[in-house]
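Participant: sequence first, predicted model second:
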There are 2 protein chains.
Amino acid sequence: MKKLINDPDQVVTDALRGMAAAHPELRVDLENKVIFRGDAPRQGKVGLVSGGGSGHEPLHGGYVGPGMLDAAAAGEVFTSPVPDQVMAATQGVDGGAGVLHIVKNYTGDVMNFEMAAEMAGDVEVVQVVTQDDVAVQDSLYTVGRRGVGVTVFVEKLAGAAAEEGRDLQAVAGVAQAASDAGRSMGMALTSSTVPSAGSPTFEIGDEEMEMGIGIHGEPGRTRMPLAPAGEVAAMLTEPVVDDLGVGRGDLVVAMLNGMGGTPLLELYLMYGEVATILDKAGITVARNLVGDYITSVEMAGCSLTLMRADDEMLRLWDAPVKTPGLRWGV
Amino acid sequence: MKKLINDPDQVVTDALRGMAAAHPELRVDLENKVIFRGDAPRQGKVGLVSGGGSGHEPLHGGYVGPGMLDAAAAGEVFTSPVPDQVMAATQGVDGGAGVLHIVKNYTGDVMNFEMAAEMAGDVEVVQVVTQDDVAVQDSLYTVGRRGVGVTVFVEKLAGAAAEEGRDLQAVAGVAQAASDAGRSMGMALTSSTVPSAGSPTFEIGDEEMEMGIGIHGEPGRTRMPLAPAGEVAAMLTEPVVDDLGVGRGDLVVAMLNGMGGTPLLELYLMYGEVATILDKAGITVARNLVGDYITSVEMAGCSLTLMRADDEMLRLWDAPVKTPGLRWGV
């Protein structure tokens, strides 16, 4: 295992210490492993809390800040945060207007966020679960679909809605609509290694790739020989487009996401292939992200997320955001 | 070789096509492999041109836009752009106030930019060469020190100065001052593979790391056994601090940069270690970047850059910038 770490069991705490040093505008609770906006709680504003296993950075801690999340709970690598962490996040951001939990669809995450909501007592909590991965239906870790890339979009749009002062039901509605409008599919060239495990999550041959992989290295649709980028792009784009049901004249927000170990050069190359396919289908990409937004430690590979978008969603997308991982307009 | 590419010889063109699709606010000249600001040339504004071999993304094309570069010439992977490319960039951004060339110190780059300046005819050109890598003095590819991370800072500060309407000598002065005030040191856990070569640039053992590596995988100071992050941080920080001559009471801008294949989790962890060392030395980090800013394809590893900063440099740092790779204030 080749990693820039000290003790494999202290990776998350050590990284949070670095986040605190790099971003004095955030407040990092090292004991609970929660990253807060520096000015949380904001009175009268709906609080947004997300979280999950670490190893997917910048998700979720990198999306804490004005216009996006109020707090993120960091579990161990690829491990759900415990209810106490999520409760601390929830209580720490409650400004009297209630708290939205944005949860990726994994059994442990959903359960622990639900328990935290119960433990949070008087705080009104609504949960929105993202489940956008079209690769597989049900698995060892999920009932239904896995929550992946659309989570970034949900956090952005709901964050903008909360910043505008909308109430909890309205913010939850924005989050749910974004979640419902998004689909994703990922692929991997290499595996990843959880520090405390010390060896790769799965084995993959030098001439192979895995289509439909999850962000924890969960098996996907098929193991197959390496293919040119254009073919890989088609294998990602077509199932997403089909499942989402978008076609000629539709607007989407697109994210070509790196899994952590893929150079930006290749991500842009892949985005060019995806853009060509969408253009031929008459689908307009209104906004896009190309880069590492929801990763799987050092895995080489990428994922595509498309979200059907209307003018209101684009307005919320364009609203100012100031976080370590996403920033514009401020 | 596991890469998301089509033809290994078309990687740069294919990636530029993706840049064009993702960033309609830029103008990509595919024939010359030059990325321009969409509104270049800006009349009366000093034009900023950089460039170099590809494989270091987001450097340089990802730093084209308001507040930073006007154009970047993309050579083949780890290969200097040819003079014709740089000339096209130079002529394309000249708004009558002259053009600054920001060049990393590699023999081929410096020579080709000089030839381009001669070929550009009436356009007044000033060249600033970055040479901040403290790891080695002179090498196969350089006389003097290699130009690495400080190039990002030079492009940001000179870009802000040009945006303010300063003249060519003043903008060049800002660039030179930033370059002079910066030092860097890098390390690698793994090698990288140039697509057209097809095999790793160098071999490194499973239990080894290379200290003082260059951004093309050039050998560094020493090959040694893997060490904990805290020790690695000290081996990067101490030579940089010593060479720069900063100490108690000094202000710096810091960049903990990923080489392309290192997860953000590890980069933040490393930044935490560096911040602790600097804090103990009484050095204040006034601004920082943590992430992939000047990479070496898919190499795992990181580099540290420190730039001694004064109030004027921080003011230019904070000025609005809108590029694919660096954005704030707009």
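Facilitator: Cool, the structure landed.
Participant: neighbours of residue A:317, just the number please.
Facilitator: Applying other Cβ atoms under 10 Å in any protein chain shown, we find 19 residues neighbouring residue A:317. (Glycine included, C-beta is placed from N, CA and C.)
Participant: which residues touch it?
Facilitator: By Cβ atoms under 8 Å, 6 or more residues apart in numbering or on different chains, residue A:317 lies in contact with A:153, A:156, A:157, A:160, A:253, A:287, A:309.
Participant: just those residues: which are in strands?
Facilitator: Assigned to strands by DSSP state E, the following of the contacts of residue A:317 qualify: A:253, A:287.
Participant: quick check, nearest of the contacts of residue A:317 to chain B?
Facilitator: For the contacts of residue A:317, the minimum distance to chain B (Cβ to the nearest Cβ) is 10.1 Å, reached by residue A:287.
Participant: now the closest one. Nearest residue, chain neighbours left out?
Facilitator: residue A:253 (4.7 Å; Cβ to Cβ, 6 or more residues apart in numbering or on different chains).
Participant: dump the residue contacts of that neighbour.
Facilitator: Per Cβ under 8 Å, 6+ apart, neighbours of residue A:253: A:153, A:285, A:286, A:287, A:288, A:306, A:307, A:309, A:313, A:314, A:317.
Participant: so how far is residue A:191 from the closest residue to residue A:258 other than its chain neighbours?
Facilitator: Distance criterion Cβ to Cβ, 6+ apart; nearest residue to residue A:258, sequence neighbours excluded, is residue A:292 at 4.3 Å. According to Cβ to Cβ, to the nearest Å, residue A:292 stands 17 Å off from residue A:191.
Participant: contacting residues around residue A:213?
Facilitator: Contacts for residue A:213 (Cβ under 8 Å, 6+ apart) come out as A:135, A:186, A:187, A:188, A:219, A:220, A:296, A:299, A:301.
Participant: try it again at 7 Å.
Facilitator: Going by Cβ atoms under 7 Å, 6 or more residues apart in numbering or on different chains, residue A:213 touches A:186, A:187, A:188, A:220, A:301.
Participant: quick check: the farthest pair among those?
Facilitator: For the contacts of residue A:213, with distances taken as Cβ to Cβ, the pair at the greatest spread is A:220 and A:301 (10.1 Å).
Participant: how many other residues sit next to the residue nearest to residue A:258?
Facilitator: 26.
Participant: give me phi/psi at residue A:177?
Facilitator: phi -60, psi -40 (degrees, to the nearest 10).
Participant: could you tell me which residues make contact with it?
Facilitator: Shown in contact with residue A:177 (Cβ under 7 Å, 6+ apart): no residues.
Participant: what about residue A:257, which SS state?
Facilitator: Here residue A:257 is recorded as strand under DSSP: H, G, I helix; E, B strand; the rest coil.
Participant: bridging residues for it?
Facilitator: residue A:291, residue A:303 (DSSP bridges).
Participant: repeat that for residue A:130.
Facilitator: Under the criterion used (DSSP bridges), residue A:130 bridges to residue A:104.
Participant: any idea which element residue A:206 lies in?
Facilitator: For residue A:206, there is no enclosing helix or strand under DSSP states H and E.
Participant: out of residue A:220 and residue A:301, which sits in the busier spot?
Facilitator: residue A:301 (30 against 20).
Participant: any idea how far residue A:149 is from that one?
Facilitator: To residue A:149, residue A:301 is 13 Å away according to Cβ to Cβ.
Participant: rewinding a little: ramachandran angles for the residue nearest to residue A:258?
Facilitator: Here is the backbone geometry of residue A:292 (degrees, to the nearest 10): phi -90, psi 110.
Participant: report the contact partners of it.
Facilitator: Residue A:292 touches A:257, A:258, A:260, B:264, counting by Cβ under 7 Å, 6+ apart.
Participant: can I get these in JSON lines with distance to residue B:131, neighbour count and pLDDT?
Facilitator: Shown next, in JSON lines, are the contacts of residue A:292 (distance: Cβ to Cβ, whole Å; neighbours: other Cβ atoms under 10 Å in any protein chain shown; pLDDT from 0 to 100):
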{"residue": "A:257", "distance to residue B:131": "35", "neighbour count": "28", "pLDDT": "98"}
{"residue": "A:258", "distance to residue B:131": "31", "neighbour count": "26", "pLDDT": "98"}
{"residue": "A:260", "distance to residue B:131": "31", "neighbour count": "27", "pLDDT": "97"}
{"residue": "B:264", "distance to residue B:131": "28", "neighbour count": "27", "pLDDT": "98"}
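Participant: now do the helices in the stretch 51-200 of chain A.
Facilitator: Using DSSP state H, counting those that start in this stretch, the helices of the stretch 51-200 of chain A run over residues A:83-93, A:107-119, A:150-163, A:168-180.
Participant: can you pull the buried residues of the second one?
Facilitator: The reference is to helix A:107-119. Under the neighbour-count criterion of 16 or more other Cβ atoms under 10 Å in any protein chain shown, helix A:107-119 has A:108, A:109, A:110, A:112, A:113, A:114, A:116, A:117 buried.
Participant: please identify which of these is nearest to residue B:127.
Facilitator: Of all these, residue A:109 has the smallest distance to residue B:127: 53.7 Å, by Cβ to Cβ.
Participant: the closest residue to chain B within the stretch 201-330 of chain A: neighbour count?
Facilitator: Per Cβ to the nearest Cβ, residue A:272 is where the stretch 201-330 of chain A lies closest to chain B, at 3.0 Å. Residue A:272: 25 surrounding residues under other Cβ under 10 Å.
Participant: repeat for residue A:9
Facilitator: Neighbour number of residue A:9 under other Cβ under 10 Å is 11.
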